[in-house]
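**Q** sharing a sequence plus its predicted fold:
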Amino acid sequence: MTLRFFQGERFGLAGRFWQAGVAGLAFLALSVQAVVAQVQVTPLPVTNEEWEQPYEGFRVVGNLYHVGTYDLSAFLITTDEGHILINSGVASSVAMIRQNIEDLGFNFEDIKIITATHAHHDHVAGLGEIQDLTGAETYFHEFEVPVVTTGGNDDYRYPNRGVIYEPIEVDHVLTDGSTIELGGVVLTVHHHPGHTRGAVSFTYDVEEGGETYHVLIANMGSVNQSTNFANMPGFPDVAEAYAKTFASQKAMNPDIWVASHAGHFALHEKRQPGDAYDPQRFYDPEGWHEEVNRYEALYLERLAADMSAAAGGGASPAPAPADDGHGH
Ligand SMILES: [Zn+2]
Ligand SMILES: [Zn+2]
């Protein structure tokens, strides 16, 4: 592995972050690499068979393609200078993603940039392998850096849970408003914390058939099963983080939007296998606001329940239930 940190200077916000923190982070990276050499990856079990069920790659709109599995989204944005890959699914998804990319007529090796909507294993566990195979540069929000560089052994719900996926080397650090640029595509990063500390969504404009579409690749504000809003020592302001995310998402007005899981954007209602390309298929401006409001209502319900339980019993809230480390 090599250190490629100074390439972060290409990006304004990330560049300033690096100027301030490069020494500390270089030390962190060296420590992580030392750990990587010693620790064994113990993957979490895959509890949802739809995560590993193959699904054909297809074009969403313009240069945006879905190349993931039946439920785990992976998005390919193609350009003349190579491609951007967002999310990998679980580790076993890599071969399916590669096949989907090749079936669509693109080269897997042309992936130049790797990023993710959030650093849970069902979205990033294959990215380390893809990084090794392609040499692509990686971009993560600053709050996801400690998570991905330790292979998931930094989770606000489960401190020191162990290395659950191949650690990912981070080349470029993102903050709210950062951009990722390749071959004329400019993705804008939107920090949408809560589900994880450094979850993000991406927006860009796509020209297609004489129309310009505002496209959003979203991370929805779903609440993890084991998050307790009354007692979350690893992320004390998790409730405020969700509130910030919903405020941001309500202010967004995408024409076309997709998200981290198929179930989050009704993929299988909007599209059947074999359907022809139709840029209108995922055109759903009203559905976006309906879904954001639905997730916010679920969040408010959980928040009220957790606070009520904490206040009512007088004792500490019950320990967080065990789950598979994931709440979508
Ligand atoms: Zn997920
Ligand atoms: Zn998740």
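**A** Great, that's in hand. Ligands and ions are numbered 1, 2, ... in the order given.
**Q** okay, and the spatially closest residue to W257 that is not a sequence neighbour sits in which element?
**A** Here the nearest residue to W257 in space, its sequence neighbours aside, is L216; by CB to CB, 6 or more residues apart in numbering that works out to 4.1 Å. No exception for glycine: its C-beta is placed from N, CA and C like everyone else's. Assigned by DSSP states H and E, L216 falls within strand 211-218.
**Q** for the helix or strand that comes right after that strand, give me every contacting residue.
**A** Scanning forward in sequence from strand 211-218 by DSSP H and E, the next helix or strand is helix 238-250. Outside helix 238-250, the residues within contact range by CB atoms under 8 Å, 6 or more residues apart in numbering are 156, 190-194, 197, 199, 201, 218, 221, 223, 227, 229, 232, 235, 289, 292-293, 295-296, 299, 303.
**Q** quick one, which of those residues are buried?
**A** With burial judged by 16 or more other CB atoms under 10 Å, the buried subset of the contacts of helix 238-250 is 156, 190-194, 197, 199, 201, 218, 221, 223, 227, 229, 232, 235, 292, 295-296, 299, 303.
**Q** would you mind measuring from T117 to W257?
**A** Relative to W257, T117 is positioned 12 Å away (CB to CB, to the nearest Å).
**Q** got any residues that touch both of those two?
**A** 217-218.
**Q** packing partners for whatever helix or strand V94 lives in?
**A** Take DSSP H and E as the rule and V94 turns out to sit in helix 94-103. Applying 3 or more CB pairs under 8 Å, 6 or more residues apart in numbering; DSSP states H and E, one finds that helix 94-103 contacts helix 127-134.
**Q** the closest residue to ligand 1 within the stretch 101-250 of the chain: how many residues sit nearby?
**A** Ranked by CB to the ion, the top residue of the stretch 101-250 of the chain for proximity to ligand 1 is D122, at 4.3 Å. By the criterion of other CB atoms under 10 Å, D122 has 28 neighbours.
**Q** ok, it touching G89?
**A** Yes: using CB atoms under 8 Å, D122 makes contact with G89 at a distance of 6.6 Å.
**Q** what touches both of the two?
**A** Common contacts of D122 and G89 (CB under 8 Å, 6+ apart): 51, 72.
**Q** can you give me the neighbour number for the residue in the chain positioned nearest to ligand 2?
**A** The nearest approach of the chain to ligand 2 comes at H120, 3.4 Å away (CB to the ion). H120 has 26 neighbouring residues, counting by other CB under 10 Å.
**Q** same question for E166.
**A** For E166, the count of nearby residues is 21 (other CB under 10 Å).
**Q** then E50?
**A** Neighbour count for E50, taken as other CB under 10 Å: 15.
**Q** residues making contact with the strand holding L216?
**A** 60-62, 64, 75, 86, 117, 192, 201-207, 249, 252-260, 264-265, 279, 283, 288.
**Q** what is the mean pLDDT for it?
**A** Average pLDDT, strand 211-218: 98.
**Q** now do the buried residues in that strand.
**A** Here strand 211-218 shows 213, 215-218 as buried, counting by 16+ other CB under 10 Å.
**Q** that one pairs with which strands?
**A** Strands that pair with strand 211-218, judged by DSSP bridges, come out as strand 200-208 (antiparallel), strand 256-259 (parallel).
**Q** mind saving the C-alpha coords of that strand as CSV?
**A** Once non-C-alpha atoms are left out, strand 211-218 reads as follows in CSV (Å, rounded to 0.1, in the frame of the first residue of the first chain):
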residue,chain,number,x,y,z
GLU,A,211,-33.5,17.6,-20.9
THR,A,212,-31.5,18.4,-17.8
TYR,A,213,-32.3,16.1,-14.9
HIS,A,214,-31.3,16.9,-11.3
VAL,A,215,-30.1,13.5,-10.2
LEU,A,216,-29.7,12.4,-6.5
ILE,A,217,-28.0,9.3,-5.2
ALA,A,218,-29.4,9.3,-1.7
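**Q** what's the distance between that strand and the middle of its chain?
**A** 17 Å (CA atoms, centre = their mean, to the nearest Å).
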